[in-house]
Structure formats: C-alpha cells, structure tokens
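S.K.: Requesting a structural model of the entry that follows:
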Amino acid sequence: MNAPSSKRNAWIALATACALGVAACAQPQAPSLPAAPARAAPSAAAPSASAATQVPTPSTPSATQAATPSSPSATAATSAPEEAATGPLAPLAWLAGCWQGTVNQRDFREAWLPLRGGMLIGAGQQVMHGAMQDYEFLRIEPRPDGIYFTQFSGDRKEMSFRLASTTTDDKDTIFTFANTTSDFPARLIYRRGTEGWLYETIEGPLAGSDKKVIYPLRRVDCETGQFVRE
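M.R.: Coordinates of the predicted model:
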C-alpha cells in the first residue's frame, strides 16, 4: 500500500532537511534531567494519646479468608509480566510506556501499552508550534512468517515493516524492520540505547539518493512528560 500522504510528506521533508545539514537529525543533545524534589523533614512530635485511641483497630481476617482471593484479578495481574518475559515479542516488551523528543522544531511523542494478548499496541503524535502535524496508530505482532511493525494514520492506509535483524552495538540493541513495499522509507530502525534513550531511524533511497533521519526520544512519565531516569 502507498504511504499515508501526511506521514510520507513529513518523512520526506525531514529527510531533505537532514540532507542539507540540519544538525538535530544526526547529533541529538541529551535534555537536562529535573532535580529531585526536596523531602520535608518528618515531625518530631509524637501523636497524643487521645489521638491514638481514636484510630480504629482493623479486624484480622481468618487464615482461610486471607489465603483465598476474592476475585480472578489476582491471577490476571501476573499474566502481563509473564507474557513480557516470554514469547516472540518479549525482546520488544521494553517499549511499553511513553517516549518524547524533538526534531526540526517538531515535537514527537509515542505511547505504548504493555505487551498483552501477543501484541504491542501504540500511538504516535507530531506537534509543531502547538499545532498537530500528524498522528498514527502502531502495532507490533507476530505472524507466521515473522514479526511485523505496522503503522497507519487517519486515512487508514497501512505501512508494514518486517523484522529483518536484531543486533547489538556496544550496550545498545538494534531492531531493524524492512519495508514490505517499495515506498520510502526502506527501513525503520528502533535502537534501544542506554539511560532511557530510544533512537528511531528511517532510511532508504529517495529522489535518487540515500536519506536518513534519526528521531532521538527519551522515556518520559506518561502523565507529566518529565524525563524518567533509568
């Protein structure tokens, strides 16, 4: 299938800008991490006797009640960690969470749900000067002939990339997905770096020459957007 027009145009614009020497595409700078908040000193004053007597004493459940789960949730709660540690997508389970970065004044953000049901589900968004440029839905799933990374934008035209190789470079792990069509980009690369870095790269021939754009992302808190120290 052809690439979504908005997504493809954004890729082509970034690739062209990088070819002209935009430094942000090749040499991302690490953002400063916020200082840890100061903790308030605990009060030295002990609670009064009258206040202590007002605290109700909880009833102690019987041994039988404590050992018997009240619902199936206790069993279900352990299924996600177990699935993330086994199965064909286990090496990619670390994607779960939120990632954020900036390239050419465009703010990029990705959010991935935890590995469940044999599939990773995510969403991405691009914003420039407060205005949304593009969005996409993402999924990674095993198929009979391999592992596929599929993304599609609002026009629902999908692009699929098949996992071609998993390699290591020093401390980084590199997952290279090859496009299943002849569209640009030819390759989509997810590089798991150290200290919470994720480098996404698109590359391939475009207009008669090889293009490459690197998106440096950092893991962030999904609610606050603050960088997460790993």
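
S.K.: CA only for contacts and neighbour counts going forward, please
M.R.: Noted.

S.K.: So which residues of the chain form helices?
M.R.: 5-19, 49-53, 63-67, 73-76, 79-85 (DSSP state H).

S.K.: Could you pull up the contacting residues of residue 187?
M.R.: 161, 176-179, 201-204 (CA atoms under 8 Å, 6 or more residues apart in numbering).

S.K.: at 6 Å instead, please
M.R.: By CA atoms under 6 Å, 6 or more residues apart in numbering, the contact set of residue 187 is 177-179, 202-203.

S.K.: what about the closest residue to residue 99 other than its chain neighbours, distance to residue 200?
M.R.: Nearest non-adjacent residue to residue 99, counting by CA to CA, 6 or more residues apart in numbering: residue 219, 4.5 Å away. Separation of residue 219 from residue 200 (CA to CA, to the nearest Å) stands at 13 Å.

S.K.: ok, the two, which is more surrounded?
M.R.: A count of neighbours by other CA atoms under 10 Å puts residue 219 above the other of residue 219 and residue 200, at 25 against 18.

S.K.: quick one: that one and residue 101 touch, right?
M.R.: No - taking contacts as CA atoms under 6 Å, residue 219 lies outside contact range of residue 101: 9.1 Å.

S.K.: Now go through the contacts of residue 187 and say which are in strands.
M.R.: Counting by DSSP state E, the contacts of residue 187 place 177-179, 202-203 in strands.

S.K.: okay, these in JSON lines with pLDDT, distance to residue 169 and neighbour count next?
M.R.: Output for the ones in strands among the contacts of residue 187, formatted as JSON lines (pLDDT from 0 to 100; distance: CA to CA, whole Å; neighbours: other CA atoms under 10 Å):
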{"residue": "177", "pLDDT": "98", "distance to residue 169": "17", "neighbour count": "22"}
{"residue": "178", "pLDDT": "98", "distance to residue 169": "19", "neighbour count": "18"}
{"residue": "179", "pLDDT": "96", "distance to residue 169": "22", "neighbour count": "22"}
{"residue": "202", "pLDDT": "95", "distance to residue 169": "18", "neighbour count": "20"}
{"residue": "203", "pLDDT": "97", "distance to residue 169": "18", "neighbour count": "18"}
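
S.K.: Let me have those residues in CSV, extended by distance to residue 123.
M.R.: As requested, the ones in strands among the contacts of residue 187 are exported to CSV (distance: CA to CA, whole Å):
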residue, distance to residue 123
177, 18
178, 20
179, 19
202, 17
203, 21
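
S.K.: Great, nothing more from me.
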